[in-house]
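Visitor: Whatever this is, show me its structure:
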Amino acid sequence: LESDLDEAHHSTTWIAEQAMDEVQTWRGGGHLLMASFIKPHHPFDPPAPWSQMYDPQALELLPGYTAEPLPQDLTYNRGYFPYDEMTESKIRRAMAYYYATISQIDHHVGRMTSLLKAKGLYDNTLILYNSDHGDYMGYHHLLLKGNHMYEPLIRVPLVVKYPGQLQGGSVSDALVNTIDCAPTLLTQAGCDVPAVMPGLDLAVSPQRALLFAESGRGRGYMVRSQTHKLLFCSDDTNSQYFDLTSDPYEQQNLYRDPDHQGDIASMKIALASWALFDAPYPVHADEAAPIISAANAQPSNAGHREEIYAYFAAKMKEKLAP
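Guide: So this is what the prediction gives:
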(Lines give C-alpha, C1' and ligand atoms only; values in the text may rest on other atoms or scores of the structure.)
Protein backbone atom coordinates (compact mmCIF):
# COMPACT_ATOMS: atom_id res chain seq x y z
CA LEU A 1 0.00 0.00 0.00
CA GLU A 2 1.09 3.56 -0.62
CA SER A 3 1.32 5.43 2.67
CA ASP A 4 -1.39 8.00 3.38
CA LEU A 5 1.24 10.13 5.10
CA ASP A 6 3.13 12.96 3.47
CA GLU A 7 6.81 12.10 3.23
CA ALA A 8 7.61 14.71 5.88
CA HIS A 9 5.54 12.72 8.40
CA HIS A 10 6.70 9.25 7.38
CA SER A 11 8.78 7.36 9.96
CA THR A 12 11.86 7.20 7.73
CA THR A 13 11.93 10.96 7.23
CA TRP A 14 11.12 11.69 10.88
CA ILE A 15 13.91 9.43 12.17
CA ALA A 16 16.41 10.99 9.77
CA GLU A 17 15.41 14.50 10.84
CA GLN A 18 15.80 13.62 14.52
CA ALA A 19 19.24 12.15 13.82
CA MET A 20 20.34 15.21 11.87
CA ASP A 21 19.10 17.54 14.61
CA GLU A 22 21.35 15.64 17.02
CA VAL A 23 24.37 15.80 14.69
CA GLN A 24 23.86 19.55 14.34
CA THR A 25 24.69 19.88 18.06
CA TRP A 26 28.00 18.01 17.76
CA ARG A 27 31.23 19.84 18.40
CA GLY A 28 34.50 17.94 18.23
CA GLY A 29 34.59 14.24 19.12
CA GLY A 30 33.12 11.91 21.70
CA HIS A 31 29.63 11.40 20.27
CA LEU A 32 27.49 8.33 19.62
CA LEU A 33 24.31 8.13 17.56
CA MET A 34 22.18 5.13 16.65
CA ALA A 35 19.58 5.95 13.98
CA SER A 36 17.31 2.91 13.86
CA PHE A 37 14.98 3.04 10.85
CA ILE A 38 11.82 0.95 11.01
CA LYS A 39 11.74 0.42 7.26
CA PRO A 40 12.09 -1.46 4.96
CA HIS A 41 10.32 -3.79 7.39
CA HIS A 42 6.78 -4.67 6.38
CA PRO A 43 4.20 -3.30 5.92
CA PHE A 44 5.62 -2.07 2.61
CA ASP A 45 4.06 1.40 2.59
CA PRO A 46 6.37 4.01 1.04
CA PRO A 47 4.99 7.54 0.71
CA ALA A 48 4.77 9.44 -2.56
CA PRO A 49 6.86 10.16 -4.58
CA TRP A 50 8.94 7.09 -3.56
CA SER A 51 5.95 4.80 -4.05
CA GLN A 52 6.04 5.53 -7.79
CA MET A 53 9.78 5.03 -8.20
CA TYR A 54 9.69 1.41 -9.44
CA ASP A 55 7.45 -0.20 -12.05
CA PRO A 56 6.52 -3.68 -10.75
CA GLN A 57 6.34 -5.14 -14.26
CA ALA A 58 9.83 -3.88 -15.12
CA LEU A 59 11.45 -5.66 -12.17
CA GLU A 60 13.18 -9.02 -12.53
CA LEU A 61 12.16 -11.70 -10.08
CA LEU A 62 15.05 -12.44 -7.75
CA PRO A 63 17.25 -15.56 -7.99
CA GLY A 64 15.71 -18.40 -6.03
CA TYR A 65 12.14 -17.51 -7.01
CA THR A 66 9.91 -20.54 -7.57
CA ALA A 67 6.48 -20.60 -9.20
CA GLU A 68 4.95 -22.08 -6.04
CA PRO A 69 6.03 -22.72 -2.43
CA LEU A 70 8.15 -25.77 -1.72
CA PRO A 71 6.50 -28.43 0.48
CA GLN A 72 8.90 -27.95 3.41
CA ASP A 73 8.07 -24.25 3.54
CA LEU A 74 4.36 -24.91 4.03
CA THR A 75 4.91 -27.14 7.06
CA TYR A 76 7.65 -25.36 9.03
CA ASN A 77 6.24 -22.86 11.55
CA ARG A 78 2.78 -23.72 10.14
CA GLY A 79 3.70 -21.86 6.98
CA TYR A 80 3.66 -18.51 8.84
CA PHE A 81 1.97 -16.77 5.90
CA PRO A 82 -0.49 -17.80 3.13
CA TYR A 83 2.33 -18.18 0.60
CA ASP A 84 0.24 -20.23 -1.78
CA GLU A 85 -2.00 -17.19 -2.29
CA MET A 86 0.93 -15.13 -3.55
CA THR A 87 0.81 -14.51 -7.28
CA GLU A 88 3.73 -13.29 -9.37
CA SER A 89 1.93 -9.96 -9.74
CA LYS A 90 1.63 -9.56 -5.96
CA ILE A 91 5.30 -10.40 -5.45
CA ARG A 92 6.34 -7.84 -8.05
CA ARG A 93 4.24 -5.18 -6.36
CA ALA A 94 5.78 -6.04 -2.99
CA MET A 95 9.24 -5.80 -4.57
CA ALA A 96 8.47 -2.35 -6.01
CA TYR A 97 7.34 -0.97 -2.66
CA TYR A 98 10.18 -2.72 -0.82
CA TYR A 99 12.76 -1.18 -3.15
CA ALA A 100 11.04 2.19 -2.75
CA THR A 101 11.40 2.11 1.04
CA ILE A 102 15.09 1.17 0.66
CA SER A 103 15.69 4.03 -1.78
CA GLN A 104 14.00 6.42 0.65
CA ILE A 105 16.34 5.29 3.43
CA ASP A 106 19.38 5.56 1.14
CA HIS A 107 18.41 9.16 0.37
CA HIS A 108 18.20 10.14 4.02
CA VAL A 109 21.37 8.29 5.01
CA GLY A 110 23.04 10.28 2.24
CA ARG A 111 21.73 13.49 3.82
CA MET A 112 23.14 12.44 7.19
CA THR A 113 26.53 11.68 5.62
CA SER A 114 26.55 15.02 3.81
CA LEU A 115 25.87 16.80 7.10
CA LEU A 116 28.86 15.09 8.73
CA LYS A 117 31.03 16.26 5.84
CA ALA A 118 29.68 19.82 6.03
CA LYS A 119 30.54 19.95 9.73
CA GLY A 120 34.04 18.56 9.12
CA LEU A 121 33.31 15.43 11.16
CA TYR A 122 33.09 12.78 8.45
CA ASP A 123 36.77 11.78 8.29
CA ASN A 124 36.94 11.12 12.03
CA THR A 125 33.60 9.31 12.29
CA LEU A 126 32.99 5.58 12.23
CA ILE A 127 29.80 4.73 10.33
CA LEU A 128 28.33 1.23 10.60
CA TYR A 129 25.30 0.39 8.43
CA ASN A 130 23.52 -2.84 9.31
CA SER A 131 20.13 -4.57 9.37
CA ASP A 132 18.58 -7.13 11.68
CA HIS A 133 17.17 -9.45 9.00
CA GLY A 134 16.23 -9.64 5.36
CA ASP A 135 13.07 -10.58 3.48
CA TYR A 136 12.43 -13.58 1.24
CA MET A 137 10.89 -11.31 -1.42
CA GLY A 138 9.84 -14.20 -3.67
CA TYR A 139 12.61 -16.65 -2.76
CA HIS A 140 10.97 -20.11 -2.75
CA HIS A 141 7.72 -18.17 -3.39
CA LEU A 142 7.96 -16.77 0.15
CA LEU A 143 7.45 -13.29 1.53
CA LEU A 144 8.34 -11.51 4.79
CA LYS A 145 10.19 -13.68 7.35
CA GLY A 146 9.29 -16.36 9.88
CA ASN A 147 10.04 -19.45 7.82
CA HIS A 148 13.41 -21.24 7.45
CA MET A 149 16.62 -19.22 7.81
CA TYR A 150 17.33 -19.14 4.09
CA GLU A 151 20.03 -16.89 2.63
CA PRO A 152 17.86 -13.82 1.87
CA LEU A 153 16.84 -13.72 5.52
CA ILE A 154 20.27 -14.04 7.11
CA ARG A 155 22.52 -12.20 4.63
CA VAL A 156 21.99 -8.58 5.58
CA PRO A 157 23.77 -5.34 4.66
CA LEU A 158 26.94 -4.60 6.63
CA VAL A 159 28.94 -1.56 5.54
CA VAL A 160 31.65 -0.05 7.74
CA LYS A 161 33.48 3.24 7.19
CA TYR A 162 36.38 3.60 9.63
CA PRO A 163 37.82 6.91 10.85
CA GLY A 164 40.62 8.15 8.62
CA GLN A 165 39.84 5.59 5.94
CA LEU A 166 40.91 7.13 2.63
CA GLN A 167 40.02 4.34 0.25
CA GLY A 168 36.93 2.22 0.61
CA GLY A 169 35.22 -0.40 -1.47
CA SER A 170 36.96 -3.49 -0.11
CA VAL A 171 34.78 -6.56 0.31
CA SER A 172 35.32 -9.41 2.77
CA ASP A 173 33.98 -12.94 2.43
CA ALA A 174 34.56 -13.67 6.13
CA LEU A 175 31.72 -15.19 8.13
CA VAL A 176 30.53 -12.33 10.34
CA ASN A 177 27.60 -11.78 12.65
CA THR A 178 25.68 -8.78 13.95
CA ILE A 179 27.11 -9.53 17.40
CA ASP A 180 30.44 -8.32 15.95
CA CYS A 181 29.16 -4.74 15.75
CA ALA A 182 29.45 -3.87 19.45
CA PRO A 183 33.06 -5.12 19.92
CA THR A 184 34.04 -3.29 16.73
CA LEU A 185 32.58 0.02 17.93
CA LEU A 186 34.08 -0.33 21.41
CA THR A 187 37.55 -1.15 20.07
CA GLN A 188 37.53 1.76 17.64
CA ALA A 189 36.48 4.09 20.46
CA GLY A 190 39.39 2.91 22.61
CA CYS A 191 37.12 1.18 25.12
CA ASP A 192 37.60 -2.20 26.73
CA VAL A 193 35.41 -4.99 25.41
CA PRO A 194 33.81 -6.87 28.34
CA ALA A 195 34.99 -10.45 28.54
CA VAL A 196 31.39 -11.69 28.58
CA MET A 197 30.49 -9.84 25.38
CA PRO A 198 30.25 -12.18 22.36
CA GLY A 199 31.49 -11.17 18.94
CA LEU A 200 34.74 -10.25 17.19
CA ASP A 201 36.33 -7.01 15.99
CA LEU A 202 35.48 -6.59 12.31
CA ALA A 203 38.59 -4.47 11.75
CA VAL A 204 40.82 -7.53 12.08
CA SER A 205 38.83 -9.67 9.60
CA PRO A 206 37.17 -12.22 11.89
CA GLN A 207 37.86 -15.79 10.84
CA ARG A 208 35.24 -18.31 11.84
CA ALA A 209 34.71 -21.81 10.57
CA LEU A 210 31.01 -21.70 11.47
CA LEU A 211 28.21 -19.23 12.11
CA PHE A 212 25.27 -19.95 14.44
CA ALA A 213 21.78 -18.48 14.69
CA GLU A 214 18.50 -19.41 16.32
CA SER A 215 14.87 -18.74 15.49
CA GLY A 216 12.94 -18.47 18.70
CA ARG A 217 14.20 -20.18 21.81
CA GLY A 218 14.71 -23.81 20.84
CA ARG A 219 12.46 -23.78 17.75
CA GLY A 220 15.08 -23.82 15.02
CA TYR A 221 18.83 -23.38 14.64
CA MET A 222 21.22 -22.63 11.81
CA VAL A 223 24.83 -23.67 11.40
CA ARG A 224 26.57 -22.23 8.35
CA SER A 225 30.06 -22.67 6.95
CA GLN A 226 31.44 -21.03 3.83
CA THR A 227 30.00 -23.85 1.72
CA HIS A 228 27.26 -25.67 3.64
CA LYS A 229 24.28 -24.92 5.85
CA LEU A 230 22.36 -26.95 8.42
CA LEU A 231 18.84 -25.90 9.43
CA PHE A 232 18.14 -28.02 12.52
CA CYS A 233 14.57 -27.95 13.82
CA SER A 234 12.91 -29.19 17.01
CA ASP A 235 10.65 -31.18 14.67
CA ASP A 236 13.36 -33.10 12.86
CA THR A 237 11.11 -33.73 9.86
CA ASN A 238 11.64 -30.04 9.00
CA SER A 239 15.46 -30.12 9.26
CA GLN A 240 17.46 -29.38 6.11
CA TYR A 241 21.06 -29.46 4.90
CA PHE A 242 22.37 -27.72 1.79
CA ASP A 243 25.51 -27.63 -0.30
CA LEU A 244 25.59 -23.90 -1.04
CA THR A 245 28.23 -24.29 -3.74
CA SER A 246 26.20 -26.58 -5.99
CA ASP A 247 22.79 -25.45 -4.70
CA PRO A 248 23.01 -21.73 -3.81
CA TYR A 249 19.21 -21.32 -3.78
CA GLU A 250 18.65 -24.10 -1.21
CA GLN A 251 16.27 -26.34 -3.11
CA GLN A 252 17.97 -29.74 -2.74
CA ASN A 253 17.65 -30.95 0.84
CA LEU A 254 20.51 -33.35 1.64
CA TYR A 255 19.60 -33.90 5.30
CA ARG A 256 18.78 -37.60 4.78
CA ASP A 257 21.56 -38.19 2.25
CA PRO A 258 23.91 -40.94 3.57
CA ASP A 259 26.95 -39.23 2.03
CA HIS A 260 26.54 -36.17 4.27
CA GLN A 261 25.75 -37.71 7.66
CA GLY A 262 29.30 -37.26 8.97
CA ASP A 263 29.37 -33.53 8.20
CA ILE A 264 25.86 -33.07 9.60
CA ALA A 265 26.86 -34.82 12.83
CA SER A 266 29.91 -32.55 13.17
CA MET A 267 27.74 -29.47 12.75
CA LYS A 268 25.30 -30.75 15.37
CA ILE A 269 28.15 -31.25 17.85
CA ALA A 270 29.40 -27.71 17.17
CA LEU A 271 25.86 -26.39 17.60
CA ALA A 272 25.43 -28.16 20.93
CA SER A 273 28.72 -26.72 22.18
CA TRP A 274 27.68 -23.22 21.10
CA ALA A 275 24.22 -23.50 22.65
CA LEU A 276 25.59 -24.79 25.95
CA PHE A 277 28.63 -22.57 26.39
CA ASP A 278 28.77 -19.68 23.94
CA ALA A 279 25.25 -18.51 23.08
CA PRO A 280 24.49 -15.18 24.82
CA TYR A 281 21.70 -15.18 27.36
CA PRO A 282 18.69 -12.96 26.59
CA VAL A 283 19.08 -9.55 28.20
CA HIS A 284 16.65 -9.00 31.07
CA ALA A 285 14.60 -5.85 30.51
CA ASP A 286 13.78 -4.27 33.85
CA GLU A 287 10.62 -2.24 33.24
CA ALA A 288 11.12 -0.50 36.58
CA ALA A 289 14.62 0.70 35.69
CA PRO A 290 15.17 4.48 35.57
CA ILE A 291 14.86 6.17 32.18
CA ILE A 292 17.48 8.66 31.05
CA SER A 293 16.43 12.25 30.57
CA ALA A 294 16.71 12.97 26.85
CA ALA A 295 14.57 14.53 24.16
CA ASN A 296 14.07 11.22 22.38
CA ALA A 297 13.55 9.06 25.50
CA GLN A 298 9.83 8.53 26.03
CA PRO A 299 8.47 8.41 29.59
CA SER A 300 7.17 5.08 30.82
CA ASN A 301 3.48 4.57 30.09
CA ALA A 302 2.10 1.11 30.78
CA GLY A 303 -1.03 1.61 28.67
CA HIS A 304 0.61 3.31 25.70
CA ARG A 305 1.48 0.09 23.85
CA GLU A 306 -2.10 -1.20 24.03
CA GLU A 307 -3.37 2.20 22.89
CA ILE A 308 -1.07 2.15 19.86
CA TYR A 309 -2.06 -1.44 19.00
CA ALA A 310 -5.75 -0.51 19.11
CA TYR A 311 -5.17 2.59 16.98
CA PHE A 312 -3.35 0.73 14.21
CA ALA A 313 -5.78 -2.19 14.29
CA ALA A 314 -8.67 0.23 13.78
CA LYS A 315 -6.86 2.04 10.96
CA MET A 316 -6.02 -1.20 9.14
CA LYS A 317 -9.62 -2.39 9.48
CA GLU A 318 -10.79 0.93 8.03
CA LYS A 319 -8.25 0.76 5.19
CA LEU A 320 -9.13 -2.80 4.21
CA ALA A 321 -12.89 -2.37 4.45
CA PRO A 322 -14.67 -2.95 1.12
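Visitor: How much space separates residue 69 from residue 63?
Guide: Distance of residue 69 to residue 63, computed by Cβ to Cβ, to the nearest Å: 17 Å. C-beta: built from backbone N, CA, C; applies to glycine.
Visitor: Neighbour count for those two, which is higher?
Guide: residue 69 (19 against 11; other Cβ atoms under 10 Å).
Visitor: and the more buried one, what does it touch?
Guide: By Cβ atoms under 8 Å, 6 or more residues apart in numbering, residue 69 lies in contact with 79, 83, 84, 140, 141, 142.
Visitor: Can you lay out those as a markdown table showing distance to residue 151 and neighbour count?
Guide: Below are these laid out as a markdown table (distance: Cβ to Cβ, whole Å; neighbours: other Cβ atoms under 10 Å):
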| residue | distance to residue 151 | neighbour count |
| --- | --- | --- |
| 79 | 20 | 15 |
| 83 | 17 | 19 |
| 84 | 22 | 11 |
| 140 | 10 | 22 |
| 141 | 15 | 21 |
| 142 | 12 | 29 |
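Visitor: which one of those is nearest residue 227?
Guide: residue 140 (20.3 Å; Cβ to Cβ).
Visitor: Where does pLDDT dip in the stretch 1-150 of the chain?
Guide: In the predicted model of the stretch 1-150 of the chain, residues 78-80 satisfy pLDDT under 70.
Visitor: repeat that with 80
Guide: Across the stretch 1-150 of the chain, the ranges flagged by pLDDT under 80 are 28-29, 76-84.
Visitor: hey, where'd the strands end up in it?
Guide: 127-130 (DSSP state E, counting those that start in this stretch).
Visitor: tell me which of the contacts of residue 69 is nearest to residue 243?
Guide: Residue 243 lies nearest to residue 140 out of these, by Cβ to Cβ, at 16.7 Å.
Visitor: Packing partners of the longest helix anywhere in the chain?
Guide: Counting residues, the longest helix found in the chain (DSSP state H) is helix 88-118. Helices and strands touching helix 88-118, by 3 or more Cβ pairs under 8 Å, 6 or more residues apart in numbering; DSSP states H and E, are helix 11-24.
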